[in-house]
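> Okay, here's the prediction I keep looking at, along with the sequence it came from:
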Amino acid sequence: MRTTITIDDEVTKELMQTTGEKSITAAIRMALRDYLAGLRKQKLMALRGQVQIEDTWQQLRQLDTAP
């Protein structure tokens, strides 16, 4: 998808230096992906302590290795 946006030159320069990308497009793509990944992590961390998980890996391992 093509989108036209106006971004301050200093911001794009800093973004390209920080990411090490050669093009503005690649730098913005990387920044957006990292930003979205951070949001997903925050959502998962918000669930911390609210989800009960039974630790049954040993039983599952026995089932996997049973003849």
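Happy to help now that I have it. The shown structure was predicted, so the numbers you read here are calculated from the model rather than taken from an experiment. Numbering: from 1, shown residues only.
> Could you check which helix or strand contains residue 27?
Secondary structure from DSSP states H and E places residue 27 in helix 24-46.
> other SSEs contacting that helix?
helix 9-19 (3 or more C-beta pairs under 8 Å, 6 or more residues apart in numbering; DSSP states H and E). C-beta here means a position set from N, CA and C on the backbone, and glycine is covered the same way.
> Show me what the mean pLDDT comes to for the helix it packs on.
Across helix 9-19, the average pLDDT comes to 96.
> What are the contacting residues of it?
22, 23, 24, 26, 27, 28, 30, 31 (C-beta atoms under 8 Å, 6 or more residues apart in numbering).
> and if we set it to 6 Å?
24, 27, 30, 31 (C-beta atoms under 6 Å, 6 or more residues apart in numbering).
> CA atoms only: put it into CSV for me.
Below are the C-alpha coordinates for helix 9-19, written out as CSV (Å, rounded to 0.1, in the frame of the first residue of the first chain):
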residue,chain,number,x,y,z
ASP,A,9,13.8,15.6,8.3
GLU,A,10,15.6,15.4,11.6
VAL,A,11,13.3,12.5,12.7
THR,A,12,13.9,10.5,9.5
LYS,A,13,17.7,11.2,9.7
GLU,A,14,17.8,10.0,13.3
LEU,A,15,15.6,7.0,12.4
MET,A,16,17.9,5.9,9.6
GLN,A,17,21.0,6.3,11.8
THR,A,18,19.4,4.3,14.6
THR,A,19,18.1,1.5,12.4
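> Give the buried residues for that helix.
15, 16 (16 or more other C-beta atoms under 10 Å).
> how far out from the middle of the chain is that helix?
20 Å (C-alpha atoms, centre = their mean, to the nearest Å).
> okay, the angle between that helix and helix 24-46?
70 degrees (axes from the mean of the first three to the mean of the last three C-alpha atoms, to 10 degrees).
> quick one: secondary structure of residue 60?
helix (DSSP: H, G, I helix; E, B strand; the rest coil).
> any idea how far the residue nearest the centre of the chain is from residue 31?
Closest to where the C-alpha atoms of the chain average out (C-alpha atoms, centre = their mean) is residue 37, at 2.1 Å. Going from residue 37 to residue 31 by C-beta to C-beta, to the nearest Å gives 11 Å.
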